[in-house]
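A.B. asks: quick one, what's the 3D model for this:
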Amino acid sequence: MKAIIMIALLLTAVCFFQPGYTLFAQEKQEKEEGKLGKLEKEVDKKEDDKDKDTEKKEEDSNKNSSESNDASAVAETLADPEFWEYALTAVVVVVAGVYVVLINVPGEDSLLYLGDYGNCYFSQYPYVSSEEGFFSQVMGKRFSVNISGHYFYDESDLTGYGVRAKYSPHPFFNAELHFTDLTEKLETREDHLKLYNVFINYNRLRLERWAFWWGLGLKGLQGDKTYNGFAFNIGTEIYPVRPISIGINYSGGFISGNYVPEFFGSLSLHLNRFAVFAGYQYWSAGSAKIDGLVGGMKVFF
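C.D. replies: Numbers count the residues shown, from 1 in each chain. Alright, predicted model coming up:
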């Protein structure tokens, strides 16, 4: 009887430690880490990589004997008056360019807004008349609220839903919120990942056929841990012909030292205060990427 038990134990040990079993276990473990887990892992490991890079740079800096020569060259450059003249000119050009692109162009009011920036309102809803999109240059509202909900589909085992809301207390500014809850069905469990953005935007172009905005805010995700980071946001929506509009939104931020971009593009069909839309959405971090189709509805208040 003891011999039989010993043989059974030996066979069990052989089966457990044989290479085939180990590979099978590793493969199963990899399958259990789906797209959501990989994205969160990329964000999480970046912090460790950053620390390693910092340590490596410190070691390299201690070994570099040529730093003193570089420092003396920099000192000579800074002592040159011509350098400061060129540097000041470059700063003025860059600041002026940024102002023109992000704020306004001198004389823009007469060119685009009938001579007065005050000629800018929100329409009751897009295409309330055939010439108006989201904005109007005749009488309209000074504030606007719109909310949308959509379904996200990547594969049969990765789906989710999203909510996007925009509150505009004035035609020049708005506050924007994005939230997406993703669920991935793995072999033995479900994985969940929540992604969110909060932005304060400046409506750079407020035309009847074209809206363009940019803003700054916060980007984050929540899985096994919660991560947040500073982010920027740019977006545009074009109203070529009733009842169609085309919207594009791109945001990016650094979370745990890792750049995490997000893209959302949609084609909408408007009917009074409602719009139905279909489009494409993606996120990425390092080598991990999540993308899929979206479809939903928007309401204008």
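A.B. asks: buried set for stretch 254-263?
C.D. replies: For stretch 254-263, burial by neighbour count (16 or more other CB atoms under 10 Å) applies to 255-256, 258, 260, 262-263. For glycine as for every other residue, the C-beta is placed from the backbone atoms N, C-alpha and C.
A.B. asks: revised request: answer the last question for stretch 135-144.
C.D. replies: Buried positions in stretch 135-144, judged by neighbour count with 16+ other CB under 10 Å: 135-137, 140, 144.
A.B. asks: lowest-confidence one in the residues you listed?
C.D. replies: Lowest in pLDDT among those is G140, which has 85.
A.B. asks: please tell me how far it sits from N119.
C.D. replies: 10 Å (CB to CB, to the nearest Å).
A.B. asks: what's the neighbour count on the closest residue in space to F135 that isn't next to it in sequence?
C.D. replies: Of all residues not flanking F135 in the chain, R206 sits nearest, at 4.6 Å (CB to CB, 6 or more residues apart in numbering). R206 is flanked by 22 other residues according to other CB atoms under 10 Å.
A.B. asks: give me phi/psi at R206?
C.D. replies: The phi/psi pair for R206 (degrees, to the nearest 10) reads phi -120, psi 60.
A.B. asks: surely T180 is in a strand?
C.D. replies: Yes: looking at T180 with DSSP: H, G, I helix; E, B strand; the rest coil, it is inside a strand.
A.B. asks: surely it is in contact with Y196?
C.D. replies: Yes: in this structure T180 lies within contact range of Y196 using CB atoms under 8 Å: 7.4 Å.
A.B. asks: the two: who's more crowded?
C.D. replies: Shown here are T180 and Y196; by other CB under 10 Å, T180 has more neighbours (23 against 17).
A.B. asks: the bottom helix or strand of the chain by mean pLDDT?
C.D. replies: For the chain, using mean pLDDT, DSSP states H and E, the weakest element among its helices and strands is helix 19-32, scoring a mean of 45.
A.B. asks: would you map the helices across this protein?
C.D. replies: Taking DSSP state H as the criterion, the chain contains helices spanning 2-17, 19-32, 35-63, 67-78, 81-102, 108-112.
A.B. asks: many thanks, have a good one.
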